[in-house]
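Colleague: Task: produce atomic coordinates for the following.
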Amino acid sequence: MGRNGKPEREATGLEPIKGSIPRDERGIVFERAAGAPQFNPAVAASAAAFVNIALSKVAPAHVWTEAFRISVQGRLSTTARFGASAAMLLRFKKEVLEAARKADRAIINVVANETWAELKILVPYDRYRHPNGLAELREHIEAENPGVMVPPLSMKWMRAVSTIERHYQAGRLPKNTASVIFKVPGKAAAQKLLVEMWVAGNKFHALPYIPDKANTLCGACGRLGHSEFRCQRGVATCTICADSHRTEEHRCQVATCSKVRKVCPHTEMKCPNCGGRHLAQDARCQAKRAAIEIARGRRNGTAHAETAQPTPPAATCSSGRSARLNWVPGGEPAETSPDWTEDVMEVTATGMDPSGTAPPVAV
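Modeller: Numbering: from 1, shown residues only. Okay, here's the model as predicted:
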């Protein structure tokens with residue numbers, strides 16, 4: 001019996017999920033027979049109608065689909081509406097599959113959308129620098145971390161091998177370690193490695209790999225173009241007021257207020273990138289807008305194809321002088337330091353020794 005004296009309902013696994021869950025955990029993908037003709041938009045629209053009609057007859061009202069899409073690879077996919085998950089949709093796999101086949105007979109199966117998580121670790125470069133080094137590293141990871149599978153082509157050095165080798169030969173590779181990035185299927189496998197990871201009998205510390213984009217905002221210096229993990233400025237800057245302290249240390253100086261990490265009526269906002277009277281994350285920021293355009297152009301593979309290249313976004317440095325994001329044509333943010341600094345920063349920021357162990361680092 002429940003607290004109110006009424007019988008408790010048995011959980012079915014189809015109850016609405018409170019809050020929102022990531023889109024990739026709500027997605028399902030339709031598999032098609034080999035050699036099937038390319039999808040057309042009419043098929044996606046028809047499939048959406050047929051599937052939701054079928055679900056309305058057998059599933060709770062919140063277990064419906066939204067926005068059938070055809071990817072650039074020609075795959076048909078959809079997502080569950082808010083309050084539902086891919087697992088809920090697949091509880092009605094038979095009905096969903098039969099309904100989708102009314103729109104396209106080439107559909108043969110429906111599965112949960114497989115997501116990939118990308119991680120990075122520091123490894124002793126001299127141990128894995130030979131031609132089959134990364135294949136050996138992959139075998140070590142899979143052998144000593146049960147249930148973890150690393151796709152062969154996903155593992156690569158974070159920097160160009162020629163660059164790493166050059167600095168290794170010159171003795172400028174910090175502690176003779178270099179960064180390797182790789183993918184694992186699913187968040188569960190990634191979380192397992194983030195908690196504990198073993199390679200060749202040594203405990204390593206894995207970190208999420210989040211590629212920097214032009215619109216990445218540094219949590220330390222407040223500048224666009226890099227993450228805190230790769231920050232080389234060494235000077236903290238608040239993204240609220242542009243003063244020389246971290247954003248989480250921002251505090252109102254009015255005794256009767258003393259709000260922390262928040263904008264209050266006494267706050268004089270200042271963007272560290274453009275000098276405007278707004279937060280660094282404000283959508284109105286011209287520097288942020290320009291950085292977003294650069295990042296979008298790179299993702300779409302169409303950035304800066306024209307002859308006249310756009311001007312990189314301006315920023316205001318602590319000295320008050322005008323500065324610019326270090327930008328190059330093609331939308332790829334450039335490093336101001338030597339091309340091996342990333343490895344330097346990774347070692348100094350984590351305190352990692354050659355065995356790979358280190359405390360967590362915010363990326």
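
Colleague: ok, Ala33 - contacts?
Modeller: Listed by C-beta atoms under 8 Å, 6 or more residues apart in numbering, the contact partners of Ala33 are 106, 108. Every residue, glycine included, has its C-beta placed from N, CA and C.

Colleague: got the phi/psi numbers for it?
Modeller: phi -70, psi 150 (degrees, to the nearest 10).

Colleague: if we look at the longest helix along the chain, which residues are touching it?
Modeller: Longest helix in the chain by number of residues (criterion: DSSP state H): helix 41-58. With contact meaning C-beta under 8 Å, 6+ apart, helix 41-58 is reached by 30, 63-65, 67-70, 76, 78, 89, 92, 95-96, 98-100, 102-104.

Colleague: repeat that for 7 Å
Modeller: Contact with helix 41-58 is made by 63-65, 68-70, 76, 78, 92, 95-96, 98-100, 102-104, as judged by C-beta atoms under 7 Å, 6 or more residues apart in numbering.

Colleague: same thing with stretch 235-255?
Modeller: 220-222, 258-261, 263-264, 266-272, 279-281, 318.

Colleague: If any of these are buried, give me the PyMOL selection for them.
Modeller: Buried subset of these, written as a PyMOL selection, criterion 16 or more other C-beta atoms under 10 Å:
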select buried, resi 220+221+222+267+269+270+271+272+279+280
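
Colleague: doesn't Ser85 make contact with Ile21?
Modeller: Yes. Using C-beta atoms under 7 Å, Ile21 is in contact with Ser85, at 6.2 Å.

Colleague: Which one's more surrounded, these two?
Modeller: Applying other C-beta atoms under 10 Å to Ile21 and Ser85 shows that Ser85 carries more neighbours, namely 21 against 15.

Colleague: Now do the same contact list for the more buried one.
Modeller: Here Ser85 is in contact with 17, 21, 25-26 (criterion: C-beta under 7 Å, 6+ apart).

Colleague: swap the cut-off to 6 Å and go again
Modeller: 25-26 (C-beta atoms under 6 Å, 6 or more residues apart in numbering).

Colleague: mind checking how far the residue nearest the centre of the chain is from Ala188?
Modeller: Centre of the chain computed as the mean C-alpha position; nearest residue by C-alpha atoms, centre = their mean is Ile210, 5.2 Å away. For Ile210, the distance to Ala188 (C-beta to C-beta, to the nearest Å) stands at 19 Å.

Colleague: wait, what's in contact with Pro60?
Modeller: Leu14.

Colleague: if I've got this straight, it is in a helix?
Modeller: No. The assignment for Pro60, made by DSSP: H, G, I helix; E, B strand; the rest coil, is coil rather than a helix.

Colleague: Tell me, what's the model's pLDDT at it?
Modeller: pLDDT for Pro60: 90.

Colleague: Could you report the separation of it from Ala80?
Modeller: Using C-beta to C-beta, Pro60 is found at 11 Å from Ala80.

Colleague: Tell me, how many residues neighbour Lys262?
Modeller: Neighbours around Lys262, by other C-beta under 10 Å: 11.

Colleague: ignore the last one, Tyr128
Modeller: 19.

Colleague: do you know how far the nearest residue to it once chain neighbours are set aside is from Trp157?
Modeller: Nearest residue to Tyr128 in three dimensions, chain neighbours excluded: Leu137, at 5.2 Å (C-beta to C-beta, 6 or more residues apart in numbering). For Leu137, the distance to Trp157 (C-beta to C-beta) stands at 10 Å.

Colleague: Please enumerate residues in contact with stretch 94-112?
Modeller: Under C-beta under 6 Å, 6+ apart, the answer for stretch 94-112 is 28-33, 36, 43, 46-47, 50-51, 54, 58, 86.

Colleague: Please pick the buried ones from those.
Modeller: So, by 16+ other C-beta under 10 Å, the buried ones in these are 28-30, 32, 43, 46-47, 50-51, 54, 86.

Colleague: ok, those residues vs Ala170, which is closest?
Modeller: Using C-beta to C-beta, Val29 is the member of these that sits closest to Ala170, with 47.7 Å.

Colleague: tilt between the host helix or strand of that closest one and helix 41-58?
Modeller: Assigned by DSSP states H and E, Val29 belongs to strand 27-32. Going by axes from the mean of the first three to the mean of the last three C-alpha atoms, to 10 degrees, strand 27-32 is angled at 120 degrees with respect to helix 41-58.

Colleague: Need the residues that contact strand 27-32.
Modeller: The contact list for strand 27-32 (C-beta under 6 Å, 6+ apart) reads 75-77, 79, 86, 89, 100, 106-113.

Colleague: now swap in stretch 265-277 and tell me
Modeller: With C-beta under 6 Å, 6+ apart as the criterion, stretch 265-277 contacts 222, 224, 237, 241-242, 252, 254, 257, 278-280, 285-287, 315-316.
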